[in-house]
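[1] Below are the sequence and a predicted model for it; my questions follow.
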Amino acid sequence: MAAVRVGLLGCGVVGTEVVRQLQLHAGDLAQRVGAELELVGIAVRRPNRVRDLDVDPALFTTDAAALVTKNLDVVIEVIGGIEPARTLLLSAMEHGASVVTANKALLAEDGATLYSAADKHGVDLYYEAAVAGAIPLLRPLRESLVGDKVRRVLGIVNGTTNFILSRMDVSGASFTDALEEATALGYAEADPSADVEGFDAAAKAAILASLAFHSRVTAADVHREGITEVTAADVARAREMNSVIKLLAICELSEDESRIGVRVHPAMIPRSHPLAGVGDAFNAVFVEADAAGPVMFYGRGAGGAPTASAVLGDLVAVSRHRVGGGRGPGESSYAQLPVRPMGENLTRYHISLDVAEKPGVLAGVATVFAEHGVSIQTVRQEGHSDDATLVIVTHRATDAALAATVEELRRTDVVRSVASVMRVEGAEQSR
């Protein structure tokens, strides 16, 4: 068979590892595909930069726009961002190339345009590496579970924030100290805002929700909260409840199956939950489906080699289609389910209140919860006299009702301050 012609956009950490693995496993990959994989060009911004690769310097070019028009079979994109990536990929598909991308930001913002172009030009669009690195997750949602009804996707999809929260739990470190450690070890970027503010996880949540519920979901639809406000005291309170705090991406089908909730925020989960033991910079995603039941995916969610593994898996899949004919799955958005407002999502809260120990405090607090239709599951008092703290865990209620309850508590004369507010997730899966 004629060689499959491959162009690579970007040669940073991931791109370099893709090239290295293509060279290292060339023979095996050719056997799996049914034809050799020929790397015909690598588009970079700085062609003279020193790279730990043994490749012909003539492969490097700064003209990415020209490369994607060179009769390629597959274009691999690992440059990230919206532009010029979108324009380059649309041009590649227009010129007959299938696309393998790791670009979560582009897929979460404008995946529909990419899908439309792939369908128009009869090519593949694969993007396993866009979410959770090496973990086979998106293809199971697109293919393995496509005959099932997914009810919920609950996951840790950002390694940087998971490392930070894990260190805060294990060592009692502050957020600032844990972030400094993550930066020193290379887990956090010089500007970590995309990770710690939840933007990265929100983009991934949009992709997961789109696949799980056959609806178009963009990053703008996702309720997003980061971890910068999580304190060592919050982590200690979670430990007292035999729980941990994780930044979770939560995608769920409403009970009447008419809408979906998509949110990213820190939450307490019981240590008995499968996600609680996911430490360091690892990722894990918990999927609940009608027939399959609970399924968990776990592994390295970032890094050059893990991400390259996912890229190469997609490359083999689309290359097989080029050799043997056929195409992979396209966009499945037939359900067109709307994303419900955050206030309508059902959740539980852990709330710590600083109160003065005097008659009527507990009754006054309970009245506020009752007035907003929020049921208290447990309540306990810590300390005495002027240092008394009420720790309350609620039953499930709408997020809007819980938020209104907290706001009114801040204004009551029986509560001196609301020390902490944290959502609680996962208790139903831990039983």
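    Here it is on my side, so go on. What you see is a predicted model; the values in this text were computed from it and never measured.

[2] For the stretch 101-250 of the chain, which segments count as helices?
    For the stretch 101-250 of the chain, applying DSSP state H, counting those that start in this stretch gives helices covering 104-121, 138-139, 159-171, 175-184, 193-196, 199-213, 232-240.

[3] could you say what helices and strands the last one packs with?
    Under the contact criterion of 3 or more CB pairs under 8 Å, 6 or more residues apart in numbering; DSSP states H and E, the helices and strands touching helix 232-240 comprise helix 159-171, strand 243-253, strand 346-355, strand 415-424. Using the backbone N, CA and C atoms, a C-beta is placed for each residue, glycine as well.

[4] who's in contact with Ile135?
    By CB atoms under 8 Å, 6 or more residues apart in numbering, the residues touching Ile135 are Asn283, Ala284, Val285, Phe297, Tyr298, Gly299, Arg300, Gly301, Ala310.

[5] what's the lowest-pLDDT member of the residues you listed?
    Across the contacts of Ile135, the smallest pLDDT goes to Gly301, namely 86.

[6] Tell me if I'm right that that residue and Gly133 touch.
    Yes. Between Gly301 and Gly133 there is a contact at 4.3 Å, judged by CB atoms under 8 Å.

[7] residues shared between the contacts of the two?
    In contact with both Gly301 and Gly133: Gly159, Asn283, using CB under 8 Å, 6+ apart.

[8] For Leu390, see how far away Val235 is.
    Val235 sits 19 Å away from Leu390, going by CB to CB, to the nearest Å.

[9] higher neighbour count, the two?
    Neighbours were counted for Val235 and for Leu390 using other CB atoms under 10 Å; Val235 has more, 26 against 23.

[10] Check what pLDDT that one gets.
    Listed pLDDT for Val235 reads 95.

[11] Tell me which residues touch the closest residue to it other than its chain neighbours, please.
    Among residues not flanking Val235 along the chain, Met168 sits closest, at 4.7 Å (CB to CB, 6 or more residues apart in numbering). Going by CB under 8 Å, 6+ apart, Met168 touches Ser174, Phe175, Ala178, Val230, Ala232, Val235, Ile245.

[12] count of residues packed around the last one?
    Around Ile245 there are 25 other residues, counting by other CB under 10 Å.

[13] correct me, but it touches Arg423?
    No. Judged on CB under 8 Å, Ile245 makes no contact with Arg423 at a distance of 9.8 Å.

[14] Could you pull out the residues contacting both of the two?
    Residues touching both Ile245 and Arg423 (CB under 8 Å, 6+ apart) are Pro266, Ala267, Met268.

[15] So what sits opposite the last one in the bridge?
    What it means is Met268. Per DSSP bridges, the residues bridged to Met268 are Ile245, Val424.

[16] Can you tell me how far it is from Val230?
    Counting by CB to CB, the gap from Met268 to Val230 is 11 Å.

[17] Spit out the residues that contact the two alike.
    Taking CB under 8 Å, 6+ apart as the criterion, Met268 and Val230 both touch Ile245.

[18] which one of those two has more residues nearby?
    More crowded of Met268 and Val230, by other CB under 10 Å: Met268, with 28 against 24.

[19] wait, what's in contact with that one?
    Contact analysis of Met268 by CB under 8 Å, 6+ apart lists Ala238, Met241, Ser243, Val244, Ile245, His350, Met422, Arg423, Val424, Glu425.

[20] what does Thr405 give?
    Shown in contact with Thr405 (CB under 8 Å, 6+ apart): Val368, Phe369, His372, Val374.

[21] SS state for the first one?
    For Val368, the assignment made with DSSP: H, G, I helix; E, B strand; the rest coil gives helix.

[22] ok, it to Thr394 distance?
    For Val368, the distance to Thr394 (CB to CB) stands at 12 Å.

[23] And for Asp110?
    Asp110 is 38 Å from Thr394, by CB to CB.

[24] More neighbours: which of the two?
    Per other CB under 10 Å, whichever of Asp110 and Thr394 has more neighbours is Thr394, with 22 against 16.

[25] What residue, apart from its backbone neighbours, is nearest the more buried one spatially?
    Nearest residue to Thr394, sequence neighbours excluded (CB to CB, 6+ apart): Tyr349, at 4.8 Å.

[26] what separates the one you found from Val131, distance-wise?
    To Val131, Tyr349 is 28 Å away according to CB to CB.

[27] follow-up on the earlier one: okay, the helices of the stretch 101-250 of the chain, which one's buried deepest?
    helix 199-213 (a mean of 27; mean count of other CB atoms under 10 Å).

[28] Packing partners of that one?
    helix 104-121, helix 138-139, strand 150-156, helix 193-196, strand 223-224, strand 243-253, strand 260-270.

[29] As JSON lines, the ones you listed with distance to Val6 would be great.
    Below are the helices and strands packed on helix 199-213 laid out as JSON lines (distance: least, CB to CB, whole Å):
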{"stretch": "helix 104-121", "distance to Val6": "17"}
{"stretch": "helix 138-139", "distance to Val6": "20"}
{"stretch": "strand 150-156", "distance to Val6": "31"}
{"stretch": "helix 193-196", "distance to Val6": "29"}
{"stretch": "strand 223-224", "distance to Val6": "35"}
{"stretch": "strand 243-253", "distance to Val6": "32"}
{"stretch": "strand 260-270", "distance to Val6": "34"}
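
[30] and the gap between Val100 and Val74?
    Distance check for Val100 against Val74: by CB to CB, it reads 6 Å.

[31] returning to that earlier point: mutual contacts of Val368 and Thr394, please.
    Counting by CB under 8 Å, 6+ apart, nothing touches both Val368 and Thr394.

[32] can you give me the helices in the stretch 301-431 of the chain?
    Using DSSP H, counting those that start in this stretch, helices in the stretch 301-431 of the chain cover 304-324, 361-371, 399-411, 427-430.

[33] Tell me how many other residues surround Arg259.
    Using other CB under 10 Å, the number of residues around Arg259 comes to 18.
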